[in-house]
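# Generate a structure from the sequence data that follows.
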Amino acid sequence: MIEKLFKLKEHKTDVKTEVIAGITTFMAMAYILAVNPSILSASGMDGGAVFTATALASAIACFVMAALSNLPFVLSAGMGLNAYFAYTVCGNMGYSWQIALAAVFAEGLIFIVLTLTNVREAIFNAIPSSLKVAVSVGIGLFIAFIGMQNSKLVVNSDSTLVTIFSFKGAMEDGSMSSVGVGVVLCLIGILITGWLVIKEIKGNILIGIIATWALGIICQLVGLYKPNPDLGMYSVIPSAIISAPTSLSSTFLKMDFSLITSGQVLNFFVILFAFLFVDLFDTIGTIIGCASRAKMMDKNGKLPGIKGALFADAVGTTVGACLGTSTVTTFVESSAGISEGGRTGLTSVTSGILFLLALLFSPIFLTVPSFATAPALIVVGFMMMQQVVEINWNDVLEAIPCFITIVAMPFMYSISEGIAFGIISYAILNTIAGKSQKVTPLVYVLAVVFIFKYILI
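Here you go, the predicted structure:
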């Protein structure tokens, strides 16, 4: 039955590999179940209802991904988009969260139409092959940077924007017992996971996460690690096992379309455009990066099943808005499961089931510390970085846009900005070099759209 549904032999995988991959991806991104309610509650939404909505929307999107594409990508409420929802639309702009949900709902419907009409697939296929490799490499750096930030190994700096965590400063201000220990455990976790990868032990990423978490539990039990919520360091020992999910009554179908009915369509479009732009190219970039890592794309740079994958995030976003959460998108942490060998929709189904289980066992899933998942993200970043050798660095005309794409993602903290700068530079450099025949009309259109986006918004 499972073989018939997911064609495991055809993809040279098995049930055990796919299940481990699904668990690994879920563990690497389970933080969203805690972070998303925290962010959206700043807009006035009920955090418990957001938790329930996030878990349900994620599970539904994962199941749709498996059913329509049989690809190992996992989806949930996108980071960045949730911050735009809470802090920009509801904060700076002053709109209600109900209006923001209406924009997310409209975004999902538009994406369904764009997917059914093959517009999103055309954009995916239009991106030059060299840039697709660069996107994968850039995402590798980006995801490693996220891991270092989550673990507090990299922290903010007034003079250099970012810097390494100061152990001396932590000992002086008393944060060594919480943040400092977390950083040390992250470094140990990187070594553990790296050793497991070197030894080619099956399930190395997942084992690395669990081993680092276990060390954290030991450190807390003996008093080395002291939870400090004010510093973002929480208890790593579950306070309970089972907890009943919060009702969706406060967020279900609460979209407010009054901006449209009252004639303020332009204001609604401004909100909508940002959701559309970021989600469109974040999703495409993530799929490119993960598919490249798994060598799923054909010789023409196309991905079989891409339409179903794009449809899954469109459905997830639409359903998520109805339930009461921000834009659902494909998660870059899917690369963690792919690195474990995940190649089919069974990986996404496994993660989807875990999202459902999280509704009942949230105390366990929400206790996995960021310093335990950070090593997984950093090591996966290393794995994705390996594809940099596929770029022809001797062809400067190809290499410069690739380099721009790679460095823009981590430095600008955005997959979509990396794609935008890569496409703009590719179009302009090839044109002024007399190689305009290499640039397809759609790439020129995208370059113009990106330029106007930076000028107008």
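
# Got the confidence number for the closest residue in space to Tyr95 that isn't next to it in sequence?
What sits nearest to Tyr95 in space, not counting adjacent residues and going by CB to CB, 6 or more residues apart in numbering, is Val89, at 5.4 Å. For every residue, glycine as well, the C-beta is placed using N, CA and C. Model confidence at Val89, given as pLDDT, is 86.

# so what's Val89 up against?
Listed by CB atoms under 8 Å, 6 or more residues apart in numbering, the contact set of Val89 reads 43, 95, 99-100, 103, 271.

# wait, what's in contact with Lys202?
For Lys202, the contact set (CB under 8 Å, 6+ apart) comprises 17, 20, 341.

# Near Glu390, how many other residues are there?
Using other CB atoms under 10 Å, Glu390 has 15 other residues around it.

# Next: Pro363.
Number of residues near Pro363 (other CB under 10 Å) recorded here: 15.

# Tell me the backbone dihedrals of the residue nearest in space to the middle of the chain, please.
Among the residues of the chain, the one closest to the centroid is Phe331, at 3.0 Å (CA atoms, centre = their mean). Here the main-chain torsion angles of Phe331 (degrees, to the nearest 10) amount to phi -90, psi 140.

# how much space between it and Leu272?
From Phe331 over to Leu272 the distance is 22 Å, taken as CB to CB, to the nearest Å.

# Same check on Lys226?
45 Å.

# now swap in Gly422 and tell me
Taking CB to CB, one finds Gly422 at 25 Å from Leu272.

# what about the strands in the stretch 151-300 of the chain?
Residue ranges of the strands in the stretch 151-300 of the chain, as given by DSSP state E, counting those that start in this stretch, are 154-157, 161-164.

# so how far is the last one off the chain centroid?
Relative to the chain's own centre, strand 161-164 is displaced by 22 Å; criterion: CA atoms, centre = their mean, to the nearest Å.

# what packs against that strand?
For strand 161-164, the elements it packs on are strand 154-157, judged by 3 or more CB pairs under 8 Å, 6 or more residues apart in numbering; DSSP states H and E.

# partners of the strand it packs on in the sheet?
In the sheet, strand 154-157 lines up against strand 161-164 (antiparallel) (DSSP bridges).

# Now the strand it pairs with: average pLDDT?
Strand 161-164 comes out at a mean pLDDT of 94.

# what's the burial count for Met385?
Met385: 18 neighbours (other CB under 10 Å).

# related to what we said a few turns ago, nearest to Ile242, out of the strands of the stretch 151-300 of the chain?
Evaluated with CB to CB, the strands of the stretch 151-300 of the chain place strand 154-157 nearest to Ile242, the distance being 35.8 Å.

# ok so, going back, among the strands of the stretch 151-300 of the chain, which comes closest to Phe73?
For Phe73, the closest of these is strand 154-157, at 26.8 Å, according to CB to CB.

# Let me know the closest of the contacts of Val89 to Pro72.
For those, the residue nearest Pro72 by CB to CB is Ala103; the value is 29.9 Å.

# The closest one should be in a strand, yeah?
No: the assignment for Ala103 by DSSP: H, G, I helix; E, B strand; the rest coil gives helix, which leaves it out of any strand.

# sorry, back to before: kindly present the strands of the stretch 151-300 of the chain as a markdown table, with separate columns for distance to Gly285 and mean neighbour count.
A markdown table is the format used below for the strands of the stretch 151-300 of the chain (distance: least, CB to CB, whole Å; neighbours: other CB atoms under 10 Å):
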| stretch | distance to Gly285 | mean neighbour count |
| --- | --- | --- |
| strand 154-157 | 22 | 13 |
| strand 161-164 | 22 | 11 |
